[in-house]
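1. give me coordinates for this.
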Amino acid sequence: MKRYFLYGFMLIAFGLAFYGCKEKACETGYFGSDCKSEIRSQYYGSFNTLTSCSTTYVMTISASSRGATFVEIGNIDKLGSTVFAQFDVSNQGVLLIPQQVSGGSTFQGSITFNSDFNSATITYTKTLGNGTILPSCSGTATK
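-> Presented below is the predicted three-dimensional model:
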């Protein structure tokens, strides 16, 4: 009887030991051992940007009140207005700019960052308020 009790106790102890070693999954948009670091903070900064549609300008990326997976992109295409983007949870390093109206123009595109988040490739389309569809714009952005 004591032997069965000992085996049962050992089985429970081993089960708890393995359960305690299970890696904790963070909520979407967060990472780190304490799951309090925001993934989007890697994208923040001011970027010197040159695209095929504009001269050099400074684009800013900052937090958005829309949620932990969103950022605000200021001064895109040198317009001085802001668009929002959401990072691709399955493909870290990519910001997706869903179709939206900003500064009288409709934007849609993406920004793909290098591994250290200090430079990126930007691609977007723009339709003017009068319905004129402009050629696709692409270029680079560097912190």
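2. every contact and neighbour count from this point should use C-alpha atoms.
-> Will do.
3. hmm, Ala120 is touching Asn114, no?
-> Yes - between Ala120 and Asn114 there is a contact under CA atoms under 8 Å: 5.8 Å.
4. more neighbours, these two?
-> Using other CA atoms under 10 Å, the more surrounded residue of Ala120 and Asn114 is Ala120, with 22 against 11.
5. just say helix, strand or coil for that one.
-> Classification of Ala120 using DSSP: H, G, I helix; E, B strand; the rest coil returns strand.
6. just the pLDDT at it, thanks.
-> For Ala120, the pLDDT comes out at 96.
7. for the nearest residue to Glu72 once chain neighbours are set aside, grab the count of nearby residues.
-> Once flanking residues are discounted, Glu72 sits nearest to Phe84: 4.5 Å by CA to CA, 6 or more residues apart in numbering. Counted by other CA under 10 Å, the residues lying close to Phe84 total 22.
8. got it, and Pro135?
-> There are 12 residues near Pro135, going by other CA under 10 Å.
9. that one reaches Thr125, doesn't it?
-> Yes - look at Pro135 against Thr125 with CA under 8 Å: they come within range, at 6.9 Å.
10. any idea which residue is closest to the centre of this structure?
-> The residue lying closest to the centre of the chain (CA atoms, centre = their mean) is Phe87, at 2.7 Å.
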